[in-house]
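Test case, fold it:
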Amino acid sequence: MSVQQVHFTDANFDAESRKGVCVVCFEEPTDHDCRKQVKNIERAANEFTEKIKVGPCDVETCSALAKRFCVTSIPTTIIFKNGEEVERLVGHRHETTLVKHLRKDVGQGT
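Take a look at the predicted model:
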């Protein structure tokens, strides 16, 4: 499996995102679209041989991180590569759309 699940927080974000590819879904855990988005991201990341860290970031408990990345709508999905933001997707996205974005940002899938 190429997906490593991580719950991103204010405390662990920098260490977790420093190396490799991370896909963070800024969300509210009680929001149905947000939960669906996290699952879609996990399935999309499984299309790649490269290990990808994937997970949610609760905007209510991680307000510093949400503010740092100017997250104003949920779900907001941000793709990071070696600690740098490479793409931002606002709103719910289908799994196939996420795969296309990851191919562009990460490289070809399997």
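
now the helices for this structure?
Taking DSSP state H as the criterion, the chain carries its helices at 13-17, 32-45, 63-68, 95-106.

any chance of the ones you listed in TSV, plus distance to residue 54 and mean pLDDT?
Heads up, the C-betas are built off the backbone N, CA and C, glycines and all. TSV is the format used below for these (distance: least, C-beta to C-beta, whole Å; pLDDT from 0 to 100):
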stretch	distance to residue 54	mean pLDDT
helix 13-17	11	94
helix 32-45	5	85
helix 63-68	16	94
helix 95-106	10	85
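
Nearest to residue 51, out of those?
helix 32-45 (9.1 Å; C-beta to C-beta).

quick one: that closest one to helix 95-106, angle?
60 degrees (axes from the mean of the first three to the mean of the last three C-alpha atoms, to 10 degrees).

What is helix 32-45 packed up against?
Applying 3 or more C-beta pairs under 8 Å, 6 or more residues apart in numbering; DSSP states H and E, one finds that helix 32-45 contacts strand 3-5, strand 21-27, strand 52-58, helix 95-106.

Let me see the mean pLDDT of the third one.
Across strand 52-58, pLDDT averages out at 91.

Tabulate the CA atom coordinates of it in CSV.
What follows is strand 52-58, C-alpha atoms only, in CSV (Å, rounded to 0.1, in the frame of the first residue of the first chain):
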residue,chain,number,x,y,z
ILE,A,52,2.0,9.4,0.0
LYS,A,53,1.0,10.6,3.4
VAL,A,54,-2.7,11.3,3.5
GLY,A,55,-5.0,12.6,6.2
PRO,A,56,-7.4,15.1,7.7
CYS,A,57,-6.7,18.2,9.6
ASP,A,58,-9.6,19.3,11.8
